[in-house]
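# coordinates for the following, if possible.
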Amino acid sequence: MTAHRGGTPRAVSAVDDLFPPQTIVDQRYIILERMSRGGVGDVYRASHLHMGRTVALKVLRDTDPHIGDDVRRRFVGEAQIIAQLDHPNIVRVHDMGFAGSSLRPYIVMELLEGHDAARELEVGGPMAPWRAIPLWVELLSAVAEVHDQGFVHKDLKPSNLFLLRPTSRVERLVLLDFGVARRTLDTGHITRAGHFVGTCQYLAPEYIREQVVSPAFDVYQMGLSLVEMMTGRPVVEAIDVDSCLLKHCNGQLSIPDWLNEGALGELLRRALAVDPSARWEDGRAFRDALAGWCGSEEGRKVLQRREGVTGRAGAGARRTPVVPHRLTAAAAGRLEEPARAVEGLERPPSTVGADFDALFLAATQATLRRAYEDAVELFEACEALRPGDVRVSYNLGRLGQHRSTSE
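Residues are numbered from 1 along each chain as shown. Coordinates of the predicted model:
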């Protein structure tokens, strides 16, 4: 691997954490800039040296001590899965390979113009139903393609749904990140009890209880994400992982009354049923039901109302109680003392700039494995990314108490 600056090549170490601009990867791609840094990989804007096509190049940070063989297999498997899918609402993979003497894997994907749905919520707030629901019907066609080819995505959430050309007449959502996807009949990757792969706010009850994975898992996540896009709040919120998982298992979902009524409410409740056998069986069934609602009298009235229906609950609207983002002063005081017990620990350098969700998941898994020292370091890295996040403070407090009682 070589890099060019001002026409003069220089060697780039295979253990470099980042590819600087003008790096030549695998003698085929030249790095233009880094676009994002995720939990296990960096994504770059790059150009094919011979074809001139601009692409997104995703590289595994295999020098990260938290990245093992399992993560490497999932990274490579992501490209192999997407290559078998062909749908305009699924990101396309052009190439994959291994760069440098360490054979660091990389995936070359189409370069998309826009941002993910989580960013859309941050910037523009909740989507009005007339905008969100038609996008979801199209996106569910892509989920149907995933299921038809024998896969379950298993990580459907706003940050993995890319909004292409936002607010334009041709905007659409595109499925990203198949890193934890699984074949529906694959029994070779059974997750051991208590060890979850995914974001706790979007895990299906049957996966939490028995690690069962089926197309109904994706239906549940698509239902959660659709409600979140129209309300601006996650359907399941909790200040600690255990409470979050219990809410899924007990069906304690926060859906505003204005969205929980009528035929649409029934449709969403079926998608979010605790019992997977009570849900729409796969993406195609969910899409057909939602498309059917769009053509109904109720659906036509909602979709034709371009004013006054913003996705935000009105000032006097009734809403199922939601755990607030910030603690009361009394609750914050209860967490303050145990949190001090874990102050001053050095954050792992490999986690600097990493994706918050990925770090939070790794910290949660470390807690479940009782690897408390690792959990503290990872939660502190989360705290550096999102100072004041109540879930992080709570978990650091719990870990601080555990350390003080065990010493």
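# which helix or which strand is home to the closest residue to Asp374 other than its chain neighbours?
What sits nearest to Asp374 in space, not counting adjacent residues and going by C-beta to C-beta, 6 or more residues apart in numbering, is Ala366, at 4.2 Å. (Glycine included, C-beta is placed from N, CA and C.) If you go by DSSP states H and E, Ala366 is part of helix 356-368.
# and that helix, what does it pack onto?
Packed against helix 356-368 by the contact rule (3 or more C-beta pairs under 8 Å, 6 or more residues apart in numbering; DSSP states H and E) you find helix 372-385, helix 390-406.
# surely the residue nearest to Asp374 meets Leu378?
Yes: contact criterion C-beta atoms under 8 Å: Ala366 and Leu378 qualify, at 6.0 Å.
# quick check: Ala181 vs Pro158, distance?
From Ala181 across to Pro158, the span is 18 Å (C-beta to C-beta, to the nearest Å).
# same check on Pro205?
Distance of Pro205 to Pro158, computed by C-beta to C-beta: 20 Å.
# how about Val25?
Using C-beta to C-beta, Val25 is found at 30 Å from Pro158.
# over to Pro256?
17 Å.
# quick one, domains of this protein?
2-110, 114-304, 329-406 (automatic domain parsing).
# how about those domains in JSON lines, adding mean neighbour count?
Formatted as JSON lines, the domains of the chain follow (neighbours: other C-beta atoms under 10 Å):
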{"stretch": "domain 2-110", "mean neighbour count": "17"}
{"stretch": "domain 114-304", "mean neighbour count": "19"}
{"stretch": "domain 329-406", "mean neighbour count": "18"}
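# dump those to CSV, plus mean pLDDT.
Shown next, in CSV, are those (pLDDT from 0 to 100):
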stretch, mean pLDDT
domain 2-110, 78
domain 114-304, 90
domain 329-406, 61
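# what's the helix or strand for Glu228?
Element membership of Glu228, judged by DSSP H and E, is helix 215-231.
# same check, this time on Pro134
helix 129-148.
# who does that helix touch, helix- and strand-wise?
With contacts defined as 3+ C-beta pairs under 8 Å, 6+ apart, helix 129-148 has these neighbours: strand 172-175, helix 215-231, helix 283-294, helix 297-304.
# isn't Glu281 right next to Ala216, touching?
Yes: applying C-beta under 8 Å as the test, Glu281 and Ala216 come out as touching, 6.5 Å apart.
# how about Asp95, nearest residue that isn't a chain neighbour?
Excluding the flanking residues, the one nearest Asp95 by C-beta to C-beta, 6+ apart is Val108, at 4.0 Å.
# could you pull up phi and psi at the one you found?
Val108 adopts backbone torsions of phi -110, psi 120, taken as degrees, to the nearest 10.
# distance of it from Ala142?
Taking C-beta to C-beta as the measure, Val108 falls 20 Å from Ala142.
# then Ile90?
Ile90 is 5 Å from Ala142, where distance means C-beta to C-beta.
# okay, and the common contacts of those two?
Both Ile90 and Ala142 are contacted by 174-175, under the criterion C-beta atoms under 8 Å, 6 or more residues apart in numbering.
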